[in-house]
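> Provided below for reference: sequence and predicted model.
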Amino acid sequence: MKSLIPSLFIIFLGIALYGSTIKGTFGNYKTVQQMTTLGETTKPFESSHERATFSQTISILVHKRFDLPLDFANFSAPDVGYHKGKFFSYFPPGISFLIMPLYLFGSTLNLNLLLAYATIPLISVLSLIMLYLIASQIFRFPLWVSLASVMIYAFATTSWSYAITIYQHSATTFLLLLMYYAVWKYTQAQKMRVVWALVVGFSYGVSFFFDYPNAFLLLPIMIYFLISTVRYTAFRSKITVGLSPTIILTGASVAIMMIIFGSYNYKTYGNWKTLANHLPRYEITNLEKIKQYEKQKVTARLGGVFLEERLPNGLYELTVAPDKGLFLFSPILLLAIIGIIMSSKKMKLDRFILLCIIFTNLLLYASFSDPWGGWAYGPRYLIPSMAILSLFVGVYLSSIRLQGIAKIATLILFIVSSSIALLGALTTNATPPQIEAAYFKIKYGILFNLDYLFMGKTGSYIYTTVFSHGITLLHYFFVIETLLLIIFSIVLFIVPRIFHYES
C-alpha cells in the first residue's frame, strides 16, 4: 500500500506526458498506399524501423504470412532481409506481436495505428513503475529521490522519443528492470521463490524476441541470479556449497522460450539458427545482387558485426559525440558518474550488477558496425543504461551533503535535459549522424530537430488533432516543459518537506 499512491502518480504522469507526444493519426492503415502518406519526417512511418515492424504486423494479421509482400518490402526497405525468394523484416517479431492486441482493438474504432503505437507508452509506464520499486525498495531512496530518479529517466533522457513509437528499447528496458527486481525479490522471499525464479527465466527468454543482443545485455542479471541460488551450509567446521533447485525451473523456462524462438525461426527462415538481421539486406535496387550473394551461400558471422577495433570510435559516438553522445543529449546523467563514485566506496553486489549491465551495453554497441543506430535521436542503444544511470543520479541526490546546491544543480540540468528530450519527442527521431549530415550538407543533432520545432512539424496526435489550430508547436512545447518543471520542482523541494521523516 505504501507504493500505491506514488505508483498512481507515476502512471498518471507517464500517460499524460507520453500521451501528449505520442505519434499517430486517425484511421485504419492496412495498405502501403495508405501508409506512404505517413512516411515523411516527423510522421509515424518516418523510419524504416517503424515501417518494417508495422508491416510485419499487417502481414501476419491481414495476409496470414510471416514474410512481407513485395509492396510492403519496398515500403520497409532497407530494414528488410531477403531469403529464398521472400522478404522479411530485419527485426525479431517481438514488437510486431506486442502491438497486435491494441491494433485489433483499434481496428474496431478506426484507430488501429494510434492504438498500436500506444502499446509502447504503456510498456514504458510499466518500466517507470519497476524503476520506482527498485529505487524505493532496493536502493532505499526517500520518496522524493525515488520519484526524481523516475522522472529523470522518463522525461530528461532521449528514452522519451522511443517511448512513443514502435521501437524495441522500451520493451527491453522493462524486461531488464523486471528481471533485476525479480532476482532481488528472490533473495528476499521465503515462500515465493519459485514464482520469482520463473519470472527471471521467462523474461530472459522472451527478451530474444525483442532484440537479439538482449542475450548478452541481460546476461549479467542471469549471473546475478545464479549467484543468488548458491546455498552455503556450515556443520562441524565444514562448509557445503550447493545450488537451489529453483535454478532448474529457471533453466527450463529459458529453454522453453528458446525452443519457441527456434521454432519461429525454423518456420520463417527454414533454419532455427537463422536471425533476421543476418539475411542479405534488401534495398530495392540490389535484388539481383543479393540473389547472387545467396547462391554463393555466404553466411553472416557475429564477428563481422561486433569488432573490438571499432571500440574507440564507438565509445566516442555513444558518450560525448555532438551527433549522438549520451552526455550531450542528457547532461543530467553526468551526475550519475558522481553517484557511481559514491557507490564504489561500499559497492554491493546488486549495484555492481547494474554497472556490469552499463559496461556490457557500452561495449556491445561501441563495437557494433552501426554505433549511431542509423538516423536516430541520441544514443538509442543506451536507453536501458539510461534507466540505470538515473538510479545513480538518485544516489548522488540522496548521499551528497550540500543538499541545496545539489538540488539546484539537478534542477538546472533537468531543465536542459528535459528540453532536449521533449524536442526529440515532439519532432523527429530521424536525425542524421554527423558523417552523413556532412555528406548531405545538412544539420545534425539537436540543431536538426530545432528546425522542425520552429517550422511546426510534428507527429504528435494530440497536438495535430486538438491544439494545432489554437497555438503553435513552439507554444505547445513550452506548455509541456513548464508543467514538467513545476512537477519536478515540487518533487525536489516540496515533497521532502511534506515527508521530512523519510529524508
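Perfect, thanks for sending it.
> pLDDT on the helix or strand where residue 288 lies, on average?
Taking DSSP states H and E as the criterion, residue 288 maps to helix 287-295. The average of the pLDDT scores along helix 287-295 is 76.
> Buried residues, that helix. List them.
Within helix 287-295, the residues scored as buried using 16 or more other Cβ atoms under 10 Å are residue 290. C-beta here means a position set from N, CA and C on the backbone, and glycine is covered the same way.
> how far out from the middle of the chain is that helix?
34 Å (Cα atoms, centre = their mean, to the nearest Å).
> So which elements touch that helix?
Other helices and strands packing on helix 287-295, by 3 or more Cβ pairs under 8 Å, 6 or more residues apart in numbering; DSSP states H and E, are strand 80-83.
> List the contacts of the helix holding residue 288.
Here helix 287-295 makes contact (Cβ atoms under 8 Å, 6 or more residues apart in numbering) with 82, 83, 84, 280, 281, 282.
> doesn't residue 85 make contact with the last one?
No - with the criterion set as Cβ atoms under 8 Å, residue 282 and residue 85 do not qualify as a contacting pair; they are 11.6 Å apart.
> In terms of neighbours, single out the busier of the two.
residue 282 (23 against 8; other Cβ atoms under 10 Å).
> lowest-confidence helix or strand of the protein?
helix 302-305 (a mean of 56; mean pLDDT, DSSP states H and E).
> Let me know the next secondary structure element after that one.
Counting by DSSP H and E, the next helix or strand C-terminal to helix 302-305 is helix 311-319.
> Now that following helix: average pLDDT?
94.
> now what about it, what contacts it?
Outside helix 311-319, the residues touching it (Cβ under 8 Å, 6+ apart) are 323-327, 362-363, 365-368, 371-372, 379, 381-382, 433.
> mind redoing it with 10 Å?
306-308, 310, 321, 323-328, 361-373, 378-379, 381-382, 385, 433-435 (Cβ atoms under 10 Å, 6 or more residues apart in numbering).
> Output that helix in CSV with nothing but the alpha carbons.
Only the C-alpha atoms of helix 311-319 are listed here, as CSV (Å, rounded to 0.1, in the frame of the first residue of the first chain):
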residue,chain,number,x,y,z
LEU,A,311,35.5,0.5,-29.8
PRO,A,312,37.4,3.9,-29.7
ASN,A,313,35.1,5.5,-32.2
GLY,A,314,32.0,3.7,-30.9
LEU,A,315,32.6,4.8,-27.3
TYR,A,316,33.1,8.4,-28.5
GLU,A,317,29.9,8.4,-30.5
LEU,A,318,27.8,6.9,-27.7
THR,A,319,29.1,9.1,-24.9
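> Dump whichever helix or strand comes after it to CSV, restricted to CA.
Reading on from helix 311-319 to the C-terminus, the next helix or strand found by DSSP H and E is helix 326-329. Extracted C-alpha coordinates of helix 326-329, given in CSV (Å, rounded to 0.1, in the frame of the first residue of the first chain):
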residue,chain,number,x,y,z
LEU,A,326,24.7,10.4,-24.2
PHE,A,327,26.1,13.2,-22.0
LEU,A,328,25.3,15.9,-24.7
PHE,A,329,21.7,14.8,-25.1
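> Next SSE downstream of helix 326-329?
helix 334-344.
> what helices or strands is the following helix or strand past that next one leaning on?
On the C-terminal side of helix 334-344, the closest following helix or strand by DSSP H and E is helix 349-366. Using 3 or more Cβ pairs under 10 Å, 6 or more residues apart in numbering; DSSP states H and E as the contact test, the elements touching helix 349-366 are helix 169-188, helix 214-217, helix 219-228, helix 311-319, helix 334-344, helix 383-399.
> so of these, which one's packed in deepest?
Stretch with highest mean neighbour count among the helices and strands packed on helix 349-366: helix 383-399 (a mean of 26; mean count of other Cβ atoms under 10 Å).
> Now do the buried residues in the helix or strand following that helix.
For helix 383-399, the following helix or strand on the C-terminal side (DSSP H and E) is helix 403-426. Residues of helix 403-426 classed as buried: 406-407, 409-411, 413-415, 417-426 (neighbour count, 16+ other Cβ under 10 Å).
> quick one: the helices in the stretch 101-250 of the chain?
Ranges of helices in the stretch 101-250 of the chain, per DSSP state H, counting those that start in this stretch, are 112-133, 143-155, 159-162, 169-188, 193-207, 214-217, 219-228, 246-269.
> Let me have those in JSON lines, extended by distance to residue 347 and mean pLDDT.
Below are these laid out as JSON lines (distance: least, Cβ to Cβ, whole Å; pLDDT from 0 to 100):
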{"stretch": "helix 112-133", "distance to residue 347": "21", "mean pLDDT": "97"}
{"stretch": "helix 143-155", "distance to residue 347": "19", "mean pLDDT": "97"}
{"stretch": "helix 159-162", "distance to residue 347": "26", "mean pLDDT": "97"}
{"stretch": "helix 169-188", "distance to residue 347": "16", "mean pLDDT": "96"}
{"stretch": "helix 193-207", "distance to residue 347": "22", "mean pLDDT": "95"}
{"stretch": "helix 214-217", "distance to residue 347": "21", "mean pLDDT": "95"}
{"stretch": "helix 219-228", "distance to residue 347": "14", "mean pLDDT": "95"}
{"stretch": "helix 246-269", "distance to residue 347": "25", "mean pLDDT": "92"}
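> Tell me which of the ones you listed sits nearest to residue 496.
For the helices of the stretch 101-250 of the chain, distance to residue 496 was read as Cβ to Cβ. The smallest value, 4.7 Å, belongs to helix 143-155.
> Render the CA-only coordinates of the closest one in CSV, please.
Output of helix 143-155 as CSV, limited to C-alpha atoms (Å, rounded to 0.1, in the frame of the first residue of the first chain):
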residue,chain,number,x,y,z
LEU,A,143,10.2,9.1,-1.7
TRP,A,144,11.3,12.3,-3.4
VAL,A,145,14.6,10.8,-4.6
SER,A,146,12.7,7.7,-6.0
LEU,A,147,10.3,10.0,-7.9
ALA,A,148,13.1,12.2,-9.1
SER,A,149,15.0,9.2,-10.5
VAL,A,150,11.9,8.0,-12.3
MET,A,151,11.2,11.5,-13.8
ILE,A,152,14.9,11.9,-14.9
TYR,A,153,14.8,8.6,-16.9
ALA,A,154,11.3,9.2,-18.3
PHE,A,155,11.5,12.9,-19.3
